[in-house]
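[1] After the sequence you'll find the predicted model.
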Amino acid sequence: MIAGLVLLAGGAAVGLFGSLLGLGGGILLVPLLTLGFGRPLREAVAISLVSVIVTSSAGAGVYLRRHVANLRLGMVLELFTACGALAGGLIAFALPVPVLEGLFALLLAWVGLSMLRRRESPSPSPSPAAPADPEPVPAAEETAAVAPIPSSVPAVSLAPAGAASVGASAGTMAFAQPMSFAASLSGPGYHVHRMGLGAAGAVFAGVVSALLGVGGGIVKVPLMNLGMGVPLKVATATSNLMIGITATSSAVIYLLRDEIDPYIAGPVALGVFAGASIGARIVNRIDTRYLRMLFVAVLLITAVQMGAKALGL
Amino acid sequence: MSASVRRDDGTAAARADVAYRLESTISRLLVAGTYLAMALIVLGVVLMLASGVDPLGPTVPPFDLEAIPSQVASGNPLGFLWLGLVTVLALPLGRVVVAGVGFLAARDLRLALVSLAVLLVVLGSIAAAIRLEG
């Protein structure tokens, strides 16, 4: 009974801190389960993917209700992330575990250093205009390396008035040329471009997600924002939406390979959901600067431990 | 303004309207589905704690879809946990199905085909996993 409660509490802590710091659960859960509970890496990745889907579904539900996410763009890109996740899920069973551990250590170090670099930029300041949502927006996903994204984002105006707005936007382009597929995926005030780059990056994000049990937002958000011209808030929300299918594409492989332990996945997923829900409610009220620095230290130490494990030290 | 420009403008507006309505529908599906999945998992965790199962035991219970109904009927925590976890995995697929049907109804064939392709990729994952298992 104690172990079950500890797993629940561990999941809740991951969900809470992830939500407060704008990180997904995977980057925290996998080390917790492998280094903390001694579970095999593939099992930890599988359980992490389940938790990532839970937070993605809950978060995407709220983002979509607020019409922040770009559903059309998300659906096109998730076709490529799903392909990447399929490949990544298969690669995960072909690669030796120490290689996966080494890759995870690199990911931890990169996220930690990115958070450290960002210390000098303005601290995350969730919009005061963001309305308190009656429903939680659990951990947006791991966007730490990109920009601080509060777990709750203000609504973006889109249709029915937005329909006209989108129409006007696309219509303006239509004067110059017939509407391209990329243009049909654009939103109010922005034009999606470089779909080829987006597709390639999405495949890579899917591989990373499946191999390491993370949502892949660390790749997708900068890809959409910097590479494709999608505003940061929309990119974050759309990436969150895409995580569900991306993670499901590889999670089913882990499930059918009996890598998901329901006795662990159940309490952990429940804890992550509860913790992320609490975090989303209090993130606007607390100063996360010191928490962020503490977290950077934890990430870097964990990266060293995971790296040592990969090297058999 | 040429007729083709007006047509493109109207098409964009219609697409945005379809996406707007679909987003609301999918939002309800995802939120309700997540709460349903969490409720099932809560039941499973409570039963697991009450029955004294050690979740950190050495063996991983194998996934058996056909056994879930009987496990649920007998109050076995595994049944509720598996059902909750399967619901979690099914939610994104349900979202794609709803979106695909919505795009099809709106005669947005490109996005309907994209939805179908996404489902085919997930089916491919299942097929690949079964093949690996074999």
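    Nice, I can see it. Residues are numbered from 1 along each chain as shown, chains lettered A, B, ... in the order given.
[2] Just the buried residues of the strand or helix carrying residue A:309, please?
    Residue A:309 is located in helix A:289-310, with elements delineated by DSSP states H and E. Neighbour-count burial for helix A:289-310 flags A:292, A:295, A:296, A:299, A:300, A:302, A:303, A:305, A:306, A:307, A:309, A:310 (criterion: 16 or more other C-beta atoms under 10 Å in any protein chain shown). In short, each C-beta sits where N, CA and C put it, glycine included.
[3] quick check, nearest of those residues to residue B:131?
    residue A:310 (29.0 Å; C-beta to C-beta).
[4] Which of the buried residues of helix A:289-310 sits closest to chain B?
    residue A:309 (18.6 Å; C-beta to the nearest C-beta).
[5] contacting residues for the closest one?
    A:34, A:35, A:98, A:101 (C-beta atoms under 8 Å, 6 or more residues apart in numbering or on different chains).
[6] again, only using 7 Å
    residue A:101 (C-beta atoms under 7 Å, 6 or more residues apart in numbering or on different chains).
[7] And the spatially most central residue of chain B, how far from residue A:218?
    The C-alpha lying nearest the average C-alpha coordinate of chain B belongs to residue B:91 (C-alpha atoms, centre = their mean; 2.1 Å). Note on residue B:91: its distance to residue A:218, by C-beta to C-beta, to the nearest Å, is 23 Å.
[8] Then residue B:74?
    43 Å.
[9] more neighbours, the two?
    The residue with more neighbours, out of residue B:74 and residue A:218, is residue A:218; 28 against 9, by other C-beta atoms under 10 Å in any protein chain shown.
[10] so the more buried one, which of the three states?
    Put simply, residue A:218 is helix when judged by DSSP: H, G, I helix; E, B strand; the rest coil.
[11] And for residue A:101?
    Secondary structure of residue A:101, per three-state DSSP, is helix.
[12] That one: what's it in contact with?
    The contact partners of residue A:101, by C-beta under 7 Å, 6+ apart, come to A:41, A:306, A:309, A:310.
[13] Check what pLDDT it gets.
    Each residue has a pLDDT score; the one for residue A:101 is 91.
[14] Enumerate every residue touching the residue nearest to the centre of chain B.
    A:57, A:244, B:30, B:33, B:34, B:37.
[15] Repeat that for residue B:45.
    By C-beta under 7 Å, 6+ apart, the neighbours of residue B:45 are A:4, A:8, A:266, A:267, A:270.
[16] now the helix or strand that contains the first one against helix A:289-310, angle please.
    When secondary structure is defined using DSSP H and E, the element that contains residue A:4 is helix A:2-21. Interaxial angle, helix A:2-21 versus helix A:289-310 (axes from the mean of the first three to the mean of the last three C-alpha atoms, to 10 degrees): 120 degrees.
[17] What are the contacting residues of the next helix or strand after helix A:2-21?
    Next helix or strand after helix A:2-21 toward the C-terminus (DSSP H and E): helix A:26-31. With contacts defined as C-beta under 7 Å, 6+ apart, helix A:26-31 is touched by A:14, A:17-18, A:44-45, A:47-48, A:51-52, A:104, A:107-108, A:111, A:142, A:212-215, A:268, A:302, A:306.
[18] Please repeat the previous calculation with a cut-off of 8 Å.
    Contact partners of helix A:26-31, identified using C-beta under 8 Å, 6+ apart, comprise A:11, A:14, A:17-18, A:41, A:44-45, A:47-49, A:51-52, A:104, A:107-108, A:111, A:142, A:209, A:212-215, A:268, A:272, A:299, A:302, A:305-306.
[19] Quick check, residue B:119 in contact with residue B:96.
    Yes - counting by C-beta atoms under 8 Å, residue B:119 touches residue B:96, with 5.8 Å between them.
[20] Between the two, point out the one with more neighbours.
    residue B:96 (25 against 17).
[21] before we move on, what SS does the residue nearest to the centre of chain B have?
    helix.
[22] can you give me the helices for the stretch 1-150 of chain A?
    Secondary structure of the stretch 1-150 of chain A (DSSP state H, counting those that start in this stretch): helices at A:2-21, A:26-31, A:41-65, A:71-94, A:97-117.
[23] Verify the stated contact: residue A:245 with residue B:120.
    No - the criterion here is C-beta under 8 Å, and residue A:245 misses it with residue B:120 at 12.0 Å.
[24] okay, the two: which has more neighbours?
    Set side by side, residue A:245 and residue B:120 show more neighbours around residue A:245, with 28 against 13, by other C-beta under 10 Å.
[25] Please give me every residue in contact with that one.
    Per C-beta under 8 Å, 6+ apart, neighbours of residue A:245: A:78, A:81, A:82, B:92, B:93, B:95, B:96, B:118, B:122.
[26] quick one: what helix or strand has residue B:114 in it?
    Per DSSP H and E: helix B:109-133 holds residue B:114.
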